[in-house]
Every structure is written in structure tokens, then in C-alpha cells.
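J.: Just need the structure, nothing else, for what follows:
(chains A and B)
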Amino acid sequence: MGDGASVLVEDLHKSFGTGDGLITAVDGISLDIPAGHSVALVGASGSGKSTLLHLIGAIERADAGRVLVDGQDVTALGRRGAAEYRRTVGFVFQRFHLLPGLSALDNVLAPVLPRKAGFDRDARARELLAAVGLQGRESALPSQLSGGQQQRVAVARALIARPRLLLADEPTGSLDSATGEQLMDLVGELAAQSGCTLLVATHDMGVAERCADVLRIRDGRLGEVAGSGA
Amino acid sequence: MLGMITGQLRRQSVRTLTLLVGVLVATAGFTLLTGSVETSRLTVKASADANFRAAYDILVRPAGARTGREESAGQVRPNFLSGQFGGITPGQWREIAGLRGVEIAAPVAMLGYVQAGTHAQVDVTGQLDPAADRQLLRLRNTWTTDRSLSKARDPGSAYVYVTSNPVVLPDAASTAKDPSWKSLYTYRGRQLTEVGDALSQGDSPCDDGEMPPLEVLPGGKFEPLCAMRTVSSYGGGAVNDQLDPAQRSELVVVRRHADGTFTSGTDVHNRTTSRRAVVDIDWSMTLLLAAVDPEQEARLVGVDAAMASGRYLKDAEKPAVDAQGGSQFEDIPLISTDRPYLDEQLTTSVSSVTGTLPKLSGRGGKELRGLLAGLPVSPGATTRADADTVFRRSVANGTIDVNPFVVLQAGAPRYAAGGGVLRPAPVASDSGELWRQSTYGGDLPAWFVQDTAFRPVTRLPGTDASQDHFPQFSVVGTYAVERLKGFSKLSEVPLETYRPPAARAADEAGRAALGGQALAPNSNPGGYLATPPQLLTTLQSVEAVTGPDSPHAKDPISAVRVRVVGVHGTDKASRERIRAVAEAITTRTGLDVDITAGSSPAPQQVALGEGKFGRPALALTENWTAKGTAVALVEAADRKSVLLFGLVLGVCALFLGNAVAASVRTRQRELAVLACTGWTGARLAGLVLGEVALVAAVAGAAGAGASFPLGWAFGLDVTAGRALLAVPLVVATALLAGALPAIRAGRPYPAQALRGSVAGPRRARRAGRGRTLPGLAVSGALRTPSRSALGALALAVGVAAVSLLTAVMWTFQGAVQGTLLGEAMSLEVRGVDVAAAVLTAALGVFALADVLYLDSCERDGEFAMLRVCGWADTEVMRLVVAQGAVIAVAGAVPGAATGLALTVAFTGSIPAGLPVAVGVVAVAGVLAAVAGSVVAAGLAVRRSPAGPLAEEG
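T.: Numbering: from 1, shown residues only, chains lettered A, B, ... in the order given. The predicted model follows:
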């Protein structure tokens, strides 16, 4: 792919039921992200930023509103369509979510395992691992890697399928600040190299400032848009 | 604590429900399976007890009476005692009868085959022309046996001469007063002295000594109507070969009266007049004669109460002796069966001689044979009669004539064995010589005595009439075999004395040939099938039958059938009582003693060679008798029960342990958190075990309750005691199974558990394994080796259990097969055994499905991640199913191997075909487990991936 995807969010709503009633996580958010742009979603814990990422990534179904990625309404996709769409999206999570039984290399390959890819999967995985600084650790199991290293494997995994959209949900949340900064530099660099659109949900302004735009979210609503130095 | 436990159980409803179902299934499974085992055992025991006792418990025979086959295979041919003559003295019998513990000692002395003369009646009235003064009918007889496979057309013919001329019958009794025959004939009150005198002086065309009827010709001339055969019926002294075809023809004279009635007969004292012209056809039947003690026999089988006509034999009844002129006439009392148990039929075709009928009177027998054979005939009617009907009528009207002068004894057949089939060898038999009679006349022997013999026939010496010894039989009553004390068909023993043998066709061709009926005995004493005795007399009459020179004059008894006091079934006390009496008889008498209680017919294939009269060679199945079957069956059932009970206990305990351990494992992180907050190990264990105990108690009680309707539905014996016992057993097993994970939960350093619900492997594995779906599945299974092992173990135990169960049932079938009782039992318990096998297998599969489900719950996050990465739901499901298959194969293969190993350990061998059956079970187990994992996989993808990821986060 190589090119970033444009993301258009229109009046998006999402609530979750609890034993005590409904909690509104996303409350009428609309936004427009040009292709290849990098955007940070900043907010406190529970503000709805992760939910917004999940909705854009089609791993959560919206209650109302639309998410158009390159003009495709991802909220209207069925299970199969959503799975196909997610193959064009890279995800990085706070908890890494590596498969503990697989080596670093196999973890990176996991997204493209079930089907043929239009490139040499193994070579690309090794290239990505090298890019994230884990050359020589291909055979290491997640349990043999530090948190920062695991997250780098997760970043490599997110990029293996050449996504047009990279979604990072608190990618540095489990890392110390120095490691987190290094990782964000890496993510920004790799995203820029591949030209993909980057959305980062974080409560860390230091992380957010590495993006071109910063959007604040509070109680599921979008606040002011702040420019960044990136 | 209790509040926390119940709260946890409520909040973790899925986990609680899973455990609840697991415990419930284990409890119900245990109760039902043990119920099935007990039901199966009790069914076998009840059947064995119900069929344990036949007519007698012990059979005593002369020393050396056991055949080689009996010694080697423990099997006895049906009615084998019919070929056992003498060997036990009356003294030995009395000694047996006097032994402590003997309730009945019934002796039987086989005496041999005798010939009984009966008559079939053929009504020829319909073939007569009322306008004809004289008419001649020809009767041709065809004898059939072996279900009509053997046919013998009698070479002779009976000619019925019906005349309107008066017929003068002789008065044979008059010769006692006037040997000159001058008083032999009386016509219209006038003695025909000249006619009688002339005939006695040799002026007769008839055979020497023959007393023919006289036809009164128009004009008043008296001319004899000679017999066509040269049988000397009145002591002429000629030796006749009864089977000479030339001797098989006869002339029957019937007088037609003006009033339309007919008179027939051979003597003035033996004539009948009726409106029907009925001709008697001689029909000889060969019957087996035995002597019994009337009192003991009555107690043994109740013959006295089974009398259908006449009277029973009196105790110690001796022949009535009538001395006349230096000769001693001994009237031997007999009772006969009310049917002969002979498969014989007679078909008579009646033809009318056409054209001008020549004069028949005044011609000799030989001349008549030639003359009549050349006369033209036109076919008429055909009549049929069977041995049963003829015999019954002859007995009922007292016309049966049992010949005491020829007594034949038939030994046992000799077999060639091969391929489980016995082939009786034909033996030479000179029937003409055996049936040859001198001094005294008699009926023609049955034509089928010339058929192929398979038993050597000998003639008892000394029974030919001596000058001063004239035995004669007198049938004093008949008994109906159906009215004898009933004994189970499944526990018949050789020589119930009264049961006819039946050999059924073993193949389709034979069944078609025999018309679906069994092959039955006939009048050939050397025939393969031996009848039971049809005639019984008393032991006191034996010498009168066999003569004083019989080889068994001193030891005429063939067997003694003993019933033991206080025998109720297969219980040890009853068995011991029988054993003690048997041992005492052996010690005291030295005779062959066999315990027959608990015997059962055992089907045996016999290849019978063809007969001389058209019967083809036949593959037959005979019910031989296997001794000691009931006890062997009960012991086999007991062994099976013990094995199955252990198996059931093991499977249920493992299943329960698996469910509990898997359930507790899912809580590792949660327990670790509690440990971090300061909960002590004991408190954590208490929490876990409290939950387990509560769930186990509730589910156990529910399972025990559910087992009642399920037991009723499956027809299993579920007792309240066993159901109640299951609850504490289940709780204890659950606590035991939950103890280790509970202790581990309270370990001092819980961080490992906190690092993730699923820990990484302990050492690095080869990179690249995860690049294929099977590789990923293997990695997934190996990543949690203990849990995977638990699932594999569950299936392994299930497969091993079913394999062993199959082997046990197979072995049981092997132990019981071959006898009717065993096969009946096997049929009775097969359903229960199959239900047990199905339940056991279901437990194994359910256990694996449980493990897979819990595993998929724990790996929710992983699967969610894969879906986030773009894996389709079907791809994730394939991964889960593949992992299930990996675990299933890992369990099924060693399970099958273990099953076979256990089979060898318990039964000493692997039954043929079992490896295939075990393979099928293993494959079925894998398929069932895969099916279960499909359900688990479906559950794995049922939720949006965001949820599990958030929970993990």
C-alpha cells in the first residue's frame, strides 16, 4: 500500500451497558483526518479515546454515526468485511498482546499467516524487526523480551501488512518514559516512511506532541484542536 | 467468606455454570454407570439362577462313559444316553440313593429299539363303483422322512379286492381245540369241515400254513383268497427277509354287503363292518425302550402326573406271568409317549384296476403277484398320513403291537472334527440281518431301516423267542411330554429323557431344503439323530426284555440322575452341596460323575453326509450341552462388574477432577491479585475449595436426582443408596482435584500469575513453528502443557475406558457365547453394556470439550488480537479446532494403546478384532473432540474483539 488513508468520522456514538445503566464512551464525535496525517487523541482515562480508536479500527460496532476510511463506511461492514478491512489497519496496544507461544519473528508474521501476501513475508518481518532494533532477537519468545522490546515487536507486527492506517492505543502506557519516547520516535518514523495515517490515543502530552495534530477528548466529546510541533 | 464465595459464583456465572454442568454430568454418569454395571451383573445372575436347575443336578454314568469330545470340550451330544446301555448295578444305584444330600436318584436303563406295529387307515370308499360286483384297487405307498428329503416308494402294492360275494373268514382260535382245521371256517352256521380239512392237508394254492379267507363264488363254491407275500404270520417257521421287495405286496379282502356296508378283516375275531371301506396299511415304527424306577421318575419329572391315558407304572411292577402248557408268557407293562417323535409320513395313491377283472380266488400268492402286476389301472385319489396321527390312534385303540423279539442297540456316532464342524462317519449296517425274524412272525420293518447308518447297531442277544419264554408288551398308559415338569429351554441337559432332539440347518441351502424345519429322527435305529425313549417300563421288567444272557444282566442301568437337597441357584452354598454329593458318589462308586446343574445347550455345527433315499448332505446345528455354563457365566459377569466398576470410578473421578482443576486454573490471576493484597495461602485455598465444595454439593445433588429419570429412561437400576453415596464421593473428589490449584494459588510469589493469565513457555522453541496453522495449533497446545495434558488425559482415559470396556464386554461375550443360556444373557445385558460404553465415551469427550472451552476462554485475548490483525472468524475457528484436534490425537493414541495394554493385563490376551475396534473408538473420540472444539471455537469468536483486549489490558 504505502499511501495513508483518509479518515472521516461523522457524529459517532457509542455507549456501553453496565449493571447501573449506560456509559457513553463516544458522544457525537466528528472529525476529518487527511491521508498520511498523524493525529494524537489526548484525554484522561475513560474519556473515550480508546473507544474511538476501536470504532475507527472496526473492532467495535458504533451505535450511531459513520466512520469513512478512504470513503468506505467501516461502521456498515459485516464480520467478514470488517476482518478484511482490519487487514489494512495496524494496531498497537498498551499491553502488547503478543502471542506468548510464538517467537518474535512469528508474532510479527501472525497477521499475514492465514493467507498469501504480495511480498516476501519472512524478509519483510525480519526487515521490520531490524527496523525496530530487534535484529538478532527473531527467535526470542515474548517472555524473554523486555516490555519495550515486546512493544517494538507489536509495532513491527502492526506494520507487516503495509497498513494505510496505524492505530496506537496508549502505546507507551506500559513503558518507562525514556523507552516510551524512543518507541514513539520509532513509530513516527516508520509511519512517515510508509506514508500511513497515524492515530495515537494517549494521555501523555509528550507522546502527543510527536503528532501533527492533537485532539482532546473529554467525556466522549471532542475538545479543542491543538497544533503540535511535529 | 461465604458471602464472597457466593458472590464470586454469581458474578462468574459462565465459569460456575461450566463447573456445575461438569460436576452434574460426573455425578449422574457415576450413578448411571455404576447402576448399569449392577444392572448388568444382576441380570446375568438372575438369568443364571432362573436357568440353573434342569431336571437333575448330577449325572452318574458308568466309568469311562465320557466321550473324548466331552473330555476335551466339555460338551455332550443331545440324547447321548440313548446310546448308553448298562454299566451301573442296582446296588450302586441304591448306594447313591442312600447318600446324604441326595433328594432323588432316578435310574434309567436303556434297553434298545423295538418295533411297534401300527396301521395307517386308507378310506377307499370314494374309489368304489357301487354298481360293480367285484372291484380291485391298487394302493402304492411312498414313505417320506427327513422333511420329505428322503423318499422311498414301497416296491410292493396292496391290492384291495372288494367283492359282493360272501367271504368266509377263518377262526384261527378254533385250531387250539381242533388242530385239523375242520372247525376253521363256518358259513351261515355250517362248519366247512371239508374245506378246512382240504386246506390243512395241503390242497391249497396258498403258502403252507396260511389260513386264507374264502370267497363264496356264485354257485356256492368256496375258494381261498391267498396272501400275496410269503410271510408266515402264524408260526410257520419260515425265515423271511422282511425287506425283500417281493414280500411287500398283499391282498386285502373287503366284502361289500347289499345294504352298502363293508366288512374287512383276516379272522372272524378280527373283523370290522362299517359304511366305509377302510384298509389298514401296516406301518412299523422303531421305538426306543428304557426302564426306570417309577417312583423316582415320578419325583424327578412328574411322569405320573403327565399321564394322558391309562395308568402309570406301579412301583417295582414286574411282568405278569402266565404259564400255559409249559410255556411262560410274560406280560411286560409299558407306558408310551403320546407321540412317537418320528418324522415319517405315508402317501398312498389309490388306483382302480380297469377292464375285466380276472378271478382272484384259488390262485397262489406268487401267481397273484404276477397276475395283478400286469393289470391296467387308472389313477384315483391320494391320501396322506403322518406317524404322529397313526401312532396316537393305534395307542388309543389298543392296536399297537410292540414286538419283543428284536431289540437293537445303537452306539454313539464317531466324528471327524475340523474347523469347528463335526462330521459323523457312516457305519455299515446290515438291516436285513438285524431285522431277520425266525420262529415268530411280525410286521415288516420300516423301510427306512435301510437308510445310511451313523451309529453302529447291534442286536441284543437272547431276545429271540425261546421255547419257553414268551415276552409280550402291554401298553398300560400314555404320557404327554408337554405335561412333564417344565424346565428352561436354556438349561436343558442331555437326556432330559423325554425331549426329542432337533438339528436345524446351519445354512440357507439347508434351511430351504428342510423347509425351515428341523431335521428329526426317524425309524432308522442307526440314523444320526437318536430319539428319546418312547416306551418306558420298570427296572423289574428288564430281564424279561433282554433275557438272562444279556451282557448287562447284572448292571442294566445306563445312568442315574441325581437331584440334590437344598439347591436354590448359583449361590456358593448350593454349588457346594452339589459338589459334596458328586464327590461322595465318585468316592463310593467309582462311576463317572458330572455336575449338570447350570448346563446349557451349546450350538454345535455338524456336517451330515447324504442319505440313501435322497436326502442331500446337510450342514446342521445341534444343541449339544455345555456343562457348568451358569456358574461360568456368573463368574464372568462378576469379573466384568469389578472391572467396570473400577473403570467407571476412575473415569468419573478423572472427569470431575479435570473439570474442577480446569475451572480453578481459570482463576489464577484473580487469586494472585488476592494474594498480593495479603490473603494467606490457607485463606485462598479456603476460598477456592469453598467454591468447589458448594458447586460440587449442589451439582452432585442435582446429578444424583437427575440419575433417577435417566436411569428409568435407560432401563438401569439406580438405587437411592448409590445416588446418595455419589454426592459425598463427588464432593470429596472435587475437593481433592481442586486442592492442588488452590495450594498453587496461595503460593508466596504470585507475580508470575499476574504477568498474564497464560504464562509463556519455559524454554524457547524452534522459531518458525508458528508460521502454519498446524504449527500454531501445536504451539498453542504446548504453551499450556498442563492444561493440554489434562484435556488429552481426559480423552485418553475415555478412549482407554471404552477400549477396555469393549474388551471386557468382548471377553464376556466370548465367555458366554456358544451356549443358549450365555447368548440369552448376552442379549439381555448388551443394551446396558452399550449404554455404559456410550456414557463413558461421552464423559471423555465432554471432558475434552470442557478443557477446550475453558482454554478458549483464557485465550480470548489472543484470538481477539488475531482478529484485530485481520484474521477472519473462520480462520480463528480453524486454529481453535486444529488445537483441539492436536490435543485429541495426543489423548486418543496413548488412550488406545493404554486400552489395549489394560486389556492384556486384565484378560490375558487381545481378542481378535479388538485393535480395529479400539482404532475406531480412538478415531471416533478424536472426531467427537473436534466436534466439541468447534463449539468452543464458535464461542471464541462470538464477541467483539475489543472486549477481550480491554479485559487483558
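J.: May I see the buried residues of stretch B:369-387?
T.: B:Arg369, B:Leu372, B:Leu375, B:Val377, B:Gly380, B:Thr383, B:Ala385, B:Ala387 (16 or more other Cβ atoms under 10 Å in any protein chain shown). To be clear about C-beta, it is placed using only N, CA and C from the backbone, and glycine gets the same treatment.
J.: What of stretch B:411-422?
T.: B:Ala412, B:Pro413, B:Arg414, B:Tyr415, B:Leu422.
J.: Would you agree the first one falls within a strand?
T.: If I follow you right, that is B:Ala412. No: per DSSP: H, G, I helix; E, B strand; the rest coil, B:Ala412 lies outside any strand segment and is coil.
J.: That one against B:Arg455, yeah?
T.: Yes: with contact defined as Cβ atoms under 8 Å, B:Ala412 reaches B:Arg455; the gap is 6.5 Å.
J.: overlap in contacts of the two?
T.: B:Gly83 (Cβ atoms under 8 Å, 6 or more residues apart in numbering or on different chains).
J.: next SSE after the lowest-mean-pLDDT helix or strand in chain B?
T.: When the helices and strands of chain B are scored by mean pLDDT, DSSP states H and E, helix B:751-754 comes last with a mean of 51. Counting by DSSP states H and E, the next helix or strand C-terminal to helix B:751-754 is helix B:773-783.
J.: Is that next one in proximity to chain A?
T.: Yes: applying Cβ under 8 Å from any Cβ of the partner chain, one finds helix B:773-783 touching chain A at B:Leu773, B:Leu776, B:Ser779, B:Gly780, B:Leu782, B:Arg783.
J.: Tabulate those (a markdown table), appending distance to B:Ile578, pLDDT and neighbour count.
T.: A markdown table is the format used below for those (distance: Cβ to Cβ, whole Å; pLDDT from 0 to 100; neighbours: other Cβ atoms under 10 Å in any protein chain shown):
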| residue | distance to B:Ile578 | pLDDT | neighbour count |
| --- | --- | --- | --- |
| B:Leu773 | 68 | 76 | 16 |
| B:Leu776 | 69 | 79 | 24 |
| B:Ser779 | 67 | 76 | 22 |
| B:Gly780 | 65 | 75 | 26 |
| B:Leu782 | 63 | 76 | 16 |
| B:Arg783 | 66 | 69 | 23 |
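J.: just the buried residues of stretch B:369-387 now: which is nearest B:Trp93?
T.: Relative to B:Trp93, the closest of the buried residues of stretch B:369-387 is B:Ala387; by Cβ to Cβ it sits at 33.7 Å.
J.: Tell me the predicted confidence for that closest one.
T.: The model reports B:Ala387 with a pLDDT of 94.
J.: Next one: it from chain A, what distance?
T.: B:Ala387 sits 84 Å away from chain A, going by Cβ to the nearest Cβ, to the nearest Å.
J.: Check B:Ala723 too.
T.: If you go by Cβ to the nearest Cβ, the gap between B:Ala723 and chain A works out to 39 Å.
J.: Please list all residues in contact with that residue.
T.: Contacts of B:Ala723 (Cβ under 8 Å, 6+ apart): B:Thr31, B:Ala704, B:Gly705, B:Ser707, B:Phe708.
J.: and what of B:Ser541?
T.: With the criterion set at Cβ under 8 Å, 6+ apart, B:Ser541 makes contact with B:Ala291, B:Glu317, B:Lys318, B:Pro319, B:Ile332, B:Pro333.
J.: I'd guessed B:Ser183 sits against B:Leu192; true?
T.: No: contact criterion Cβ under 8 Å: B:Ser183 and B:Leu192 do not qualify, at 9.2 Å.
J.: Just the pLDDT at the residue nearest to B:Ser183 when sequence neighbours are not counted, thanks.
T.: Sequence neighbours aside, B:Ser174 is the residue nearest to B:Ser183 in space, at 4.1 Å (criterion: Cβ to Cβ, 6 or more residues apart in numbering or on different chains). What the model reports as pLDDT for B:Ser174 is 89.
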